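*Asks:* Sharing a model that was predicted from the sequence below.
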Amino acid sequence: MTEKNESSAAETLLRVEHLTMRFGGLLAIDDLSFDVGEGAITALIGPNGAGKTTVFNCITGFYKPSSGRLALRHGDGTVWNELAMLTDSGARSVTTGNGALFLLERMPDYLVAQRARVARTFQNIRLFPGMTVLENLLVAQHNRLMLASGYTLLGVLGFPSYAHAERSAIDKARDWLDRIGLAARADDPAGDLPYGAQRRLEIARAMCTDPVLLCLDEPAAGLNPRESAELNALLLAIRDEFRIAVLLIEHDMTVVMEISDHIVVLDYGVKIADGVPDAVRNDDKVIAAYLGVAEDQVGEAEAEVGL
Amino acid sequence: MDVFLQQLINGITLGSIYGLIAIGYTMVFGIIGMVNFAHGDVFMVSAFIALIAFLILTTWLGISSIVLALLIVLIVAMLFTSLVNWVIERVAYRPLRGSFRLAPLISAIGMSIFLSNFVQVTQGPRNKSIPPMISGEFVLFTHNNYPVTLSYKQLIIWGVTAVLLLAFWYLVAKTKLGRAQRACEQDQKMAALVGVNVDRTIATTFVIAAALAAVAGTMYLMYYGVVTFSDGFVPGVKAFTAAVLGGIGSLPGAVIGGLLIGLIETMWSAYFSIDYKDVAAFSILAITLIFLPQGLFGRPDVEKV
Amino acid sequence: MTALANSAGENPRPHQALAHGRVDAMAALRDAGITAAIAFGLFLPLIGFQTTVNGENALILITRWPLLLAVVAAVGIGRLGYSVLLEPRLRQRAMRPIATTPSALRTFVGQWFVPFGIAFVAAYPALVLATVGFSRSVKWIDNFGIQILIYVMLGWGLNIVVGLAGLLDLGYVAFYAVGAYSYALLAKTLDLSFWVLLPISGILASFWGILLGFPVLRLRGDYLAIVTLAFGEIIRLVIINFTALTNGYAGIGGIPRPSFFGIPFNADDNGFAAVFGLPFSPVYRVIFLYYVILALALLTAFVTVRLRRLPVGRAWEALREDEIACRSLGINTTNTKLTAFAMGAMFAGFAGSFFATRQGFISPESFTFLESATILSIVVLGGMGSQVGVAIAAIVMIGGTEIMRDLDFLKKIFGQTFDPTQYRMLIFGFAMVLIMVWRPRGLISTRAPSVVLKERKSISADLVKEGHG
């Protein structure tokens, strides 16, 4: 078992503590704690049914965890000092001069995206298939445009402030389309795109919400090797150019090992490993979980499959 | 207490009729996921078929045995109503299966409008009333000069409902047809792949639904002795409420839901205001759907992210 | 799509025959025979026999064998005609490749339909006056023009809720009723003018839209439809039973009629005709009302077009496409749904207050479930989300049923006792079924994008979701 990750509290963006999720009698996640570092790619891996997507749904507010704390920081690290007070106060968030702190488990899903600025994608792509690629990216900028349209009132009356805001929203969308190579298909319905393009569009759409944390649920699923390599480049660009933290669920180990800074391994809702890729790769518990054998039989099993 | 007991008896009778119609809603919703809006009107059509059959038997053929007449009326109504619903499924719903979800609903609303107007045009807009088929009652007890009675009609309705429910429950739960129905409920494509004739199974479901509605229609005619072309809508909505209350897709749920709606309606009329009895039924419908959408016996619908 | 699959499945005949559209005469005859036999069974009880009362007021039966025979024969011949004439042609059409670029005619019609249509409705009263003359024009402007425009407006209002936001509402008529009763009661008690009360009625209706929208936010699919149906019926039943306020079934009469900016439309010396030095005629009021409802309908269309290009409109459509994705993008779906309900209800409220002032009398009879069903079917038949489609559907459905009030020449064919108005709703219902089977996604099923970067392309209906509400 690796030690709790080495990043200090100041660099932590999201702190997951004692997260537990029960569905009726089923314990899907059991006392899970891990940190997501600022500007880093963190991968959440584990065998099928380990509870990875459930963790995502808790972080993004789609599920209300049975217990545990999910704290996210904006601004600099000093806001962590407010954590205890915020927890006791019962409020959802606190804003200081240096930033803000959010308790995600207390927020409904849309506020997690709107205020805490956590964006996500879905395992089975959820685009707006009957809307064009461009429209998909504009819907993602809804809250800013809503403000510019004076909550619709000024927009209906044709005030220029909205036209201006819409133009800059389109520019932003166009930037992302160039980046994901879909500029030529801006006016095609999203449902018409090939699978790999839909995956990229979903990531671009999430990025258009200006997130501080991007949660990607199996972004490489169903991609061919070339598309998979493009995805790696895109994710690294998001980390390095935009300095946005990425939390990733992925089964494709080439993606995981190549780009992650930090890996958390789940099995049956319990964390079994947590560390840098090299440490996780050689962890007996991880190998046992993936091969489906007890820990002390790893040697035999490895020999059997020729590892 | 005496009033309550009398209303209980009346409510169970009314509830049996609602329950029989509700089964049709619940079976069709279960198998093709559609609210068969025209089902209330199929019930009304069945009451007219029963009326005509009854008139043929009594005024033309002069059958004097009321039990025999009722039995024949019941069978004739079931047969013809089944044919009606079979054709409706074939014409109005089957071509729309698997397409846009709103289309069958609109088609069903159109069919509902068509059926009630068809009866109005062919049979006239006036109430059709017949002399009471069966009279007589058991006086259970008298309290403060208020007799609590159970009429023969009510007893017949209880008995027929119970027997037919058992028969159809057996059909759905224990036979090959029932298994095919449940397979289609889960996944029509897969069911077809493993050799279930999906078209025939769905058509049979409509036939069964119509047959039960025809029983309800015959009982309704016998109980109230009057029927008109617009009698489909309100009983239809109430039976749908019953199906929802019981948990749509569940057969026992539909029956229990029907009994509950019947009881609530009669109790409401007796103790509160008869003017607002339909408001009560619609309110229950809304409240159930809002707070207990899976009904009393339905499976909860979990949102998948 | 389904129809194609069905016909392919049921006709395992060789391809060559299909391509040439040859007809198997025996099979066609057999089909016709079977269909006629089924029709015989179907119509035997209700057409073969008629229940009627005799002199002693007892119910008796009379038979109608010739009528039954005629109907059965008509069905059989119809089926034969279908297999001989129509089916081969349909099959040939299905074999033809689908044109990828629209024909020049289609593009032309598409471009000019809206301006031409608006010009036509603007000139309609003048055209009517010119063709049928002064005295007969009231019927054409009122029964056709105004009546159709009310439904166009209602259809456009409901289109926001059903077509854009994808929330299935079967109780829309409730808001129409709220608008009508608000206007009637406020106008009679407060003596305010139509133009003051119009916005108030709209606001009251949208308030009810939000009030009834709240509890149904979590519901999806047919459940939402049924709860909205229940709400619509509850409002109607309350109107019937709350006689102290609404006068129940008897309705409210003597509702103030609209005036031309303070000048009443009557035969007095200060009436419209006298002031403008014209001979008195009811036509002026009708023409004025026509332009009022035309302006209201165009306002509805204009606002809807604007809204579609605003974030709220895009959020409605996104909600219809995928609610969960909306929430993941930070869209408050509760507010989004409520604004859709409120907007839709507001336009129904406008239409309702117009209806009250046009009729001068309202009663619960005008706000039955049938009205909701009619408006919803206009939206669905038109093609959800398409304003042009909704307008065409309203013209076809409402204009069609209005024309049927008027087919007196049929009496010459079917005899004097034949009353064509009886068949109005019968045909209306059957037409709903037929149009759905013919075009399940409505007349205009493609979606136009709300914003374009380079090239405007319409989006095929197969991709557009219908919402879960």
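*Replies:* Cool, got the structure. Numbers count the residues shown, from 1 in each chain, chains lettered A, B, ... in the order given.
*Asks:* When you work out contacts or count neighbours from here on, use the C-alpha atoms and nothing else.
*Replies:* Will do.
*Asks:* Nearest spatial neighbour of A:I203, chain-adjacent residues omitted?
*Replies:* A:T121 (6.5 Å; CA to CA, 6 or more residues apart in numbering or on different chains).
*Asks:* And the contacts of the helix or strand hosting C:T228?
*Replies:* Using DSSP states H and E, C:T228 falls within helix C:221-241. Contacts with helix C:221-241, where a contact means CA atoms under 8 Å, 6 or more residues apart in numbering or on different chains, come from B:34-35, B:275-276, B:278-279, B:282-283, B:285-286, B:289, C:167-174, C:177, C:212, C:216, C:246-249, C:364, C:367-369, C:467-469.
*Asks:* redo that, cut-off 6 Å
*Replies:* Under the contact criterion CA atoms under 6 Å, 6 or more residues apart in numbering or on different chains, helix C:221-241 has outside partners B:279, B:282, B:286, C:168-171, C:174, C:246, C:248-249, C:468-469.
*Asks:* Could I get the residues you listed in a markdown table, plus columns for secondary structure?
*Replies:* Listed next are the contacts of helix C:221-241 as a markdown table, based on DSSP: H, G, I helix; E, B strand; the rest coil:
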| residue | secondary structure |
| --- | --- |
| B:V279 | helix |
| B:F282 | helix |
| B:A286 | helix |
| C:L168 | coil |
| C:D169 | coil |
| C:L170 | coil |
| C:G171 | coil |
| C:A174 | helix |
| C:T246 | helix |
| C:G248 | helix |
| C:Y249 | helix |
| C:H468 | coil |
| C:G469 | coil |
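*Asks:* Save those residues as TSV, and put in neighbour count too.
*Replies:* Formatted as TSV, these follow (neighbours: other CA atoms under 10 Å in any protein chain shown):
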residue	neighbour count
B:V279	21
B:F282	25
B:A286	27
C:L168	28
C:D169	24
C:L170	29
C:G171	28
C:A174	30
C:T246	20
C:G248	18
C:Y249	16
C:H468	21
C:G469	23
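*Asks:* sec struct for C:E317, please.
*Replies:* Criterion first, three-state DSSP; result for C:E317: helix.
*Asks:* ok, it touching C:L164?
*Replies:* Yes: taking CA atoms under 6 Å as the definition, C:E317 is a contact partner of C:L164 at 5.1 Å.
*Asks:* Name whatever forms a beta bridge with the residue most central in space within chain A.
*Replies:* For chain A, the residue nearest the mean C-alpha position is A:C215 (0.8 Å; CA atoms, centre = their mean). For A:C215, the beta-bridge partners are A:R120, A:L247 (DSSP bridges).
*Asks:* Got the confidence number for it?
*Replies:* Per-residue pLDDT puts A:C215 at 94.
*Asks:* ok, now which ones touch it?
*Replies:* By CA under 6 Å, 6+ apart, A:C215 lies in contact with A:120, A:246-248.
*Asks:* re the thing from before, which of the contacts of helix C:221-241 sits closest to A:A289?
*Replies:* The closest of those to A:A289 turns out to be C:H468 (CA to CA; 39.7 Å).
*Asks:* Map the structural domains onto the sequence of the chain.
*Replies:* With no chain named, the answer covers chain A. Domain segmentation of chain A under automatic domain parsing yields A:9-117+A:212-305, A:126-210.
*Asks:* let's do chain C instead
*Replies:* Segmentation of chain C into domains, based on automatic domain parsing, reads C:2-95, C:116-406.
*Asks:* Which phi and psi values does B:S65 adopt?
*Replies:* Note on B:S65: its backbone torsions stand at phi -70, psi 110 [degrees, to the nearest 10].
*Asks:* neighbours around it, how many?
*Replies:* Residues within reach of B:S65, counting by other CA atoms under 10 Å in any protein chain shown, total 9.
*Asks:* Check the one 3 residues further on too.
*Replies:* B:L68 is surrounded by 12 other residues when neighbours are defined as other CA under 10 Å.
*Asks:* One more: B:A192?
*Replies:* Using other CA under 10 Å, B:A192 has 15 neighbouring residues.
*Asks:* I'd like the distance between it and B:T201.
*Replies:* For B:A192, the distance to B:T201 equals 10 Å [CA to CA, to the nearest Å].
*Asks:* Does stretch C:433-445 reach chain A?
*Replies:* No: residues of stretch C:433-445 contacting chain A under CA under 6 Å from any CA of the partner chain: none, with a closest distance of 11.7 Å.
*Asks:* Could you list the buried residues of that stretch?
*Replies:* Buried positions in stretch C:433-445, judged by neighbour count with 16 or more other CA atoms under 10 Å in any protein chain shown: C:433-437, C:439-445.
*Asks:* same question, stretch C:290-297
*Replies:* For stretch C:290-297, by 16+ other CA under 10 Å, it's C:290-291, C:293-294, C:296-297.
*Asks:* which residues are contacting it?
*Replies:* Here stretch C:290-297 makes contact (CA under 6 Å, 6+ apart) with C:146, C:153.
*Asks:* and that stretch, how far out from the chain's middle?
*Replies:* On the basis of CA atoms, centre = their mean, to the nearest Å, stretch C:290-297 sits 17 Å off its chain's mean C-alpha point.
*Asks:* Over to stretch B:241-256?
*Replies:* 11 Å.
*Asks:* avg pLDDT for it?
*Replies:* Here the average pLDDT along stretch B:241-256 is 86.
*Asks:* Do me a favour and get the end-to-end distance for it?
*Replies:* Start-to-end span of stretch B:241-256 (CA to CA) is 11 Å.
*Asks:* What residues does the residue of the stretch 151-300 of chain A at minimum distance from chain B make contact with?
*Replies:* As assessed by CA to the nearest CA, chain B sits closest to A:D217 within the stretch 151-300 of chain A, at 11.3 Å. Residues touching A:D217, when contacts are defined by CA under 6 Å, 6+ apart, comprise A:121-123, A:249.
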